[in-house]
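>>> Could you look at this predicted model? Sequence included:
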Amino acid sequence: MIQKTAFEKINECRRIVVKVGTTTLSYPNGKLNFQRIDKLAKILTELQKSGRKIILVSSGAIAVGSGKVGLTSKPVELPEKQALAAVGQADLIKIYQKLFESRNQFVAQVLLTRDIVTVADRRTNASNTLEALMMMDVIPIINENDTVAVDEIVIGDNDTLSAHVACLIKADLLILMSDIDGLFSADPRIDPDAIIIPMITEITEKIERTASGSGSGFGTGGMLTKISAAKLCSQEGITVSIINGTNPEILNEIMAGKPIGTLFYWKTKHTEVKTE
Amino acid sequence: MHKTYKIIFRIEIDTLFDTRGKLSLEKMEHLVMLCTSMQNAGFKVLMVSSGAIMLGTEKMGLSEPPAELITKQAIAAIGQADLIKYYQMFFDSFDQIVAQVLVTRDVVSNPVRNNNARKTLNTLLNKGIIPIINENDSVSIDDIILNDNYPLTLIVAQLVKPHAIVTKSYHENRFKLLVRNNPDIIDVSDENLFHLADLIKSGKGIVKEINFDCKTGRSVRTSGAPIEKQSAVNMISGFPEEINLT
């Protein structure tokens, strides 16, 4: 019963952070999947126009940068990665801008580092900027500022960044879109009986063990970073949804209350719906 | 091996915008052509560019930049995307790849950041990519308060140790060249900058007299216009090794 309620309550969420990974934005060959990004922009715009406040956390800068300078293999050296991120971020944001603005939705680029967690000034500035953008009905598109941040890019972990952002703006919901369908009960590559766990109300040791066992080999973050993102959100009572981003339409289904993927719905502190 | 010279172009609002506060595509294209031409001549070009707030202001339909700091930050986040888009559009048309680098002041004081920013910039330069640098206004507000990108220009100078900084002259359509280790300025028109690039490339002409590595401290005035020498000396005092950042 609680499960049904939890999924249905998603519709009431007003402040939503959506994180998309590189695998969602690109084809396996690393090139951008414009059709999919276009769909994503369309759905996010619709959600924004419905009165919600959307914040997009997007990876993909390095992939775009590699394509632009004609690299065929993934860069290994850190300065190389950072340089490619600086090239690619500009392109990535240009593409988003084009796809959102064609639907009369303004976007802004916000590059963050881990400072927003540790340094009070930075935290305040970042929060002020995001609040002001939301007030202006602009969708902030966030990524890590790879040029100056070294530790983040090594972890390559926008799952955690998006959780910090969700906490910063007191979001109602964090949606993590990647190439995995949700949290499996066991490693689906080994165990044919593995099923997706539809709802989790508490992160137990068992869940953490399961997550570390079924790490996705595809995305950069894998399941572990998603669990740690969910943990961060649990402290603020923010609902977290893990879904497969292959078909962005799934966002609409989730918002309509369909039980898809894995939902983290905290029993200790349920999300209160804020009025904008 | 041919020596390469690093040059920072400091781009202020009036280098890109007309008097009504609209982005001048003509001015930008001209600037981009100039920078690409310098790059093609063998220079390593970096740009420190303002303009994000102006573009954000226009996009959001405001008549002038907001006074309130927080709104300004938001406007900067909106406009920076546009600024880099326009740059990219023009640079693409000249087949020049650019990168966006947003930095905070702590690239000077924080050794890890300092090292990363330096490495990123040098990697970009080595790849023949022009970095377009601005302050990351979303998380830091130093420049936005100052309304001046000269401190940021000096920070970048400290990171990459350029041979010269090209900055706006008070005379219209002219640039000033601040040459490293030489508190002298060369007042040049952009045509002369082009010329300079050609001359450097051919290894002939006035290049030796302009003396980019400045061992002799000599410089050449490529135009007859007077130079505000004293003020410039004050402005760049200590550039670039002993920048006093407070």
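Here it is on my side, so go on. Computed from a predicted structure; not experimentally measured.

>>> Help me confirm that B:Ser138 is found in a strand?
No: applying DSSP: H, G, I helix; E, B strand; the rest coil, one finds B:Ser138 to be coil, outside a strand.

>>> ranges for the strands of the chain?
I'll assume chain A. In chain order, chain A shows strands spanning A:15-20, A:53-58, A:107-112, A:139-144, A:173-178, A:199-200, A:239-244, A:262-264, with DSSP state E as the criterion.

>>> Actually, chain B is the one I wanted.
Secondary structure of chain B by DSSP E: the strands cover B:6-11, B:44-49, B:98-103, B:130-135, B:164-168, B:174-179, B:185-189.

>>> Now do the residue lying closest to A:Lys94 once chain neighbours are set aside against A:Asp193, distance only.
Counting by Cβ to Cβ, 6 or more residues apart in numbering or on different chains, A:Lys94 lies nearest to B:Lys85, which is 4.8 Å off, once chain neighbours are set aside. In short, each C-beta sits where N, CA and C put it, glycine included. To A:Asp193, B:Lys85 is 50 Å away according to Cβ to Cβ, to the nearest Å.

>>> These two: who's more crowded?
B:Lys85 (20 against 7; other Cβ atoms under 10 Å in any protein chain shown).

>>> Touching, that one and A:Ile95? I think so.
No: the pair B:Lys85 and A:Ile95 does not pass the contact test of Cβ atoms under 8 Å, sitting 9.9 Å apart.

>>> so which of the strands of chain A comes closest to chain B?
Between chain B and the strands of chain A, the shortest separation by Cβ to the nearest Cβ is 3.8 Å, and it involves strand A:107-112.

>>> what packs against that closest one?
When contacts are defined as 3 or more Cβ pairs under 8 Å, 6 or more residues apart in numbering or on different chains; DSSP states H and E, strand A:107-112 packs onto helix A:78-101, helix A:120-135, strand A:139-144, helix B:69-93.

>>> which residues touch the shortest one?
Spelled out, it's strand A:139-144. Contact partners of strand A:139-144, identified using Cβ atoms under 8 Å, 6 or more residues apart in numbering or on different chains, comprise A:44-45, A:48, A:54-59, A:61, A:89, A:92-93, A:96, A:100, A:105-113, A:129-130, A:133-134, A:152-153, A:158, A:161-162, A:165, B:77.

>>> Swap in 6 Å and give it another go.
Applying Cβ atoms under 6 Å, 6 or more residues apart in numbering or on different chains, the contact partners of strand A:139-144 are A:48, A:54-58, A:61, A:96, A:107-112, A:130, A:133, A:152, A:161, A:165.

>>> now do the last one
Counting contacts by Cβ under 6 Å, 6+ apart, the residues outside helix B:69-93 that touch it are A:90, A:93-94, A:97, A:108-110, A:128-129, A:132-133, A:138, B:28-29, B:32, B:51-53, B:55-57, B:59, B:66, B:98, B:100, B:132, B:137-138, B:144.

>>> what mean pLDDT would you report for it?
Throughout helix B:69-93, pLDDT has a mean value of 94.

>>> buried sites along that helix?
The neighbour-count check on helix B:69-93 (16 or more other Cβ atoms under 10 Å in any protein chain shown) flags B:70-88, B:90-91 as buried.

>>> Repeat that for stretch A:230-239.
For stretch A:230-239, the neighbour count (16+ other Cβ under 10 Å) marks A:Ala230, A:Leu232, A:Cys233, A:Ser234, A:Glu236, A:Ile238, A:Thr239 as buried.

>>> ditto for stretch A:243-263
Along stretch A:243-263, the positions that meet the burial threshold by neighbour count (16+ other Cβ under 10 Å) are A:243-245, A:248, A:250-251, A:254-255, A:257, A:259-263.

>>> and chain B, which of its residues are near chain A?
Applying Cβ under 6 Å from any Cβ of the partner chain, we find that chain B lies next to chain A at B:70-71, B:73-74, B:77-78, B:80-81, B:84-85, B:88, B:99-102, B:113, B:116-117, B:119-120, B:123-124, B:136, B:138-139.

>>> ok, A:Met223 to chain B distance?
29 Å (Cβ to the nearest Cβ, to the nearest Å).

>>> returning to what we had before: just send the helices and strands packed on strand A:107-112 back as JSON lines, with distance to A:Val17 too.
Written out in JSON lines, the entries for the helices and strands packed on strand A:107-112 read as follows (distance: least, Cβ to Cβ, whole Å):
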{"stretch": "helix A:78-101", "distance to A:Val17": "16"}
{"stretch": "helix A:120-135", "distance to A:Val17": "10"}
{"stretch": "strand A:139-144", "distance to A:Val17": "9"}
{"stretch": "helix B:69-93", "distance to A:Val17": "16"}
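
>>> nearest to B:Pro162, of the ones you listed?
Shortest distance between B:Pro162 and the helices and strands packed on strand A:107-112, using Cβ to Cβ, is found for helix A:78-101: 17.9 Å.

>>> Point out where chain B drops to low pLDDT.
Per-residue confidence of chain B (counting by pLDDT under 70) places the weak regions at B:1-3, B:142-146, B:168-246.

>>> one more time with 90
Chain B contains residues with pLDDT under 90 at B:1-10, B:12-21, B:26-27, B:30-31, B:33-35, B:37-43, B:67-69, B:103-120, B:136-246.

>>> which ones are touching A:Asn29?
For A:Asn29, counting by Cβ under 6 Å, 6+ apart, there are no contacting residues.

>>> now swap in A:Lys4 and tell me
Contacts for A:Lys4 (Cβ under 6 Å, 6+ apart) come out as none.

>>> ditto for the one 4 residues further on
With contacts defined as Cβ under 6 Å, 6+ apart, the neighbours of A:Glu8 are A:Gly257.

>>> redo that, cut-off 10 Å
By Cβ atoms under 10 Å, 6 or more residues apart in numbering or on different chains, the residues touching A:Glu8 are A:Ala256, A:Gly257, A:Lys258, A:Pro259.

>>> ok, these vs A:Ser212, which is closest?
Nearest to A:Ser212, judged by Cβ to Cβ, of the contacts of A:Glu8 is A:Pro259 at 25.0 Å.

>>> Wait, the closest one touches A:Ala6, no?
Yes: with the criterion set as Cβ atoms under 10 Å, A:Pro259 and A:Ala6 qualify as a contacting pair; they are 8.7 Å apart.

>>> shared neighbours, these two?
When contacts are counted by Cβ under 10 Å, 6+ apart, A:Pro259 and A:Ala6 have A:Pro198, A:Met199 as shared neighbours.

>>> could I get the buried residues of stretch A:230-239 as JSON lines with distance to chain B and pLDDT?
Converted to JSON lines, the buried residues of stretch A:230-239 look like this (distance: Cβ to the nearest Cβ, whole Å; pLDDT from 0 to 100):
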{"residue": "A:Ala230", "distance to chain B": "25", "pLDDT": "95"}
{"residue": "A:Leu232", "distance to chain B": "19", "pLDDT": "94"}
{"residue": "A:Cys233", "distance to chain B": "22", "pLDDT": "96"}
{"residue": "A:Ser234", "distance to chain B": "26", "pLDDT": "95"}
{"residue": "A:Glu236", "distance to chain B": "21", "pLDDT": "95"}
{"residue": "A:Ile238", "distance to chain B": "22", "pLDDT": "97"}
{"residue": "A:Thr239", "distance to chain B": "26", "pLDDT": "97"}
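
>>> Can you report how many residues lie near A:Gln3?
Taking other Cβ under 10 Å as the criterion, the count of residues near A:Gln3 is 13.

>>> remind me which residues of the stretch 51-200 of chain A are low pLDDT?
Within the stretch 51-200 of chain A, the stretches with pLDDT under 90 are A:62-64, A:66-83, A:113-122, A:144-157, A:178-180, A:184-194.

>>> Look up how far A:Asn244 lies from the residue most central in space within chain A.
If you average the C-alpha coordinates of chain A and look for the closest C-alpha using Cα atoms, centre = their mean, you land on A:Lys19, 1.3 Å from that point. According to Cβ to Cβ, A:Lys19 stands 13 Å off from A:Asn244.
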